[in-house]
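Engineer: Dropping a prediction and its sequence here:
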Amino acid sequence: MALSMLLVRNSAAISRLGMLSAPLRSAALSSRLVAPMTTTAQEEMAKFWDKNAQRKRPMSPHLTIYKPQLTAMLSITHRGTGAAMAGFVYAFSMGMLVVNPLLGWDFPTIISFIKSLEIHPWLILGGKWCMAWPIAYHAMNGVRHLSWDAGYGFNMKVLYRSGWFVFLSSFLLADLMLYFL
């Protein structure tokens, strides 16, 4: 800072002597135009919101005013199902690593324990469907993404058709998984 102030004060004399290169000369001259920062970022933000409140400006538009689009909802669902499946696999794996050595339970023992709880078959079917649908949806939407990687399906009409196809066929595929598996 002290060097730049010295350069600013003496820039005319230094430039007359030709001792200052062009980039340094322009930097020294332009630093005269910059005012020192006297406010913090929070003060600036408070000023901004106060000014907007005085002028009765609305907040910036947010998610509440936008109509949800199919493509955005499918993208969010694809990420959510991927994260949920990964989390389930990690939790199950860690659980098996802990339960097996501590209690001596292997996978068939856990299955027989769940059967001994005598849970209603409709509840078990619902639980299986809740595990099958994310797999089906993520697989179907993954094929859709692969077609995009190949350069197909970017027309808006095709995007919406393929989106509805993925969404509806994921329910059918989940039902088929329950029936055959």
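Structural biologist: Perfect, I can see it now. Just so we're clear, the structure is a prediction, and the values are computed from it rather than from any experiment. Numbering: from 1, shown residues only.
Engineer: Next, Ile119: secondary structure please.
Structural biologist: Using DSSP: H, G, I helix; E, B strand; the rest coil, the structure places Ile119 in coil.
Engineer: Pull the number of nearby residues for His78.
Structural biologist: Using other C-beta atoms under 10 Å, His78 has 19 other residues around it. All C-beta spots, glycine's among them, are computed from the backbone N, C-alpha and C.
Engineer: Just give the nearest non-adjacent residue to it, would you?
Structural biologist: Asn141 (4.7 Å; C-beta to C-beta, 6 or more residues apart in numbering).
Engineer: Just give me the longest helix of this structure.
Structural biologist: The helix that spans the most residues within the chain, counting by DSSP state H, is helix 70-103.
Engineer: So which bits of it are buried?
Structural biologist: Across helix 70-103, burial judged by 16 or more other C-beta atoms under 10 Å covers Leu74, Thr77, His78, Thr81.
Engineer: circling back to that earlier point, would you confirm that the residue nearest to His78 contacts Ile76?
Structural biologist: No. In this structure Asn141 lies outside contact range of Ile76 using C-beta atoms under 8 Å: 11.1 Å.
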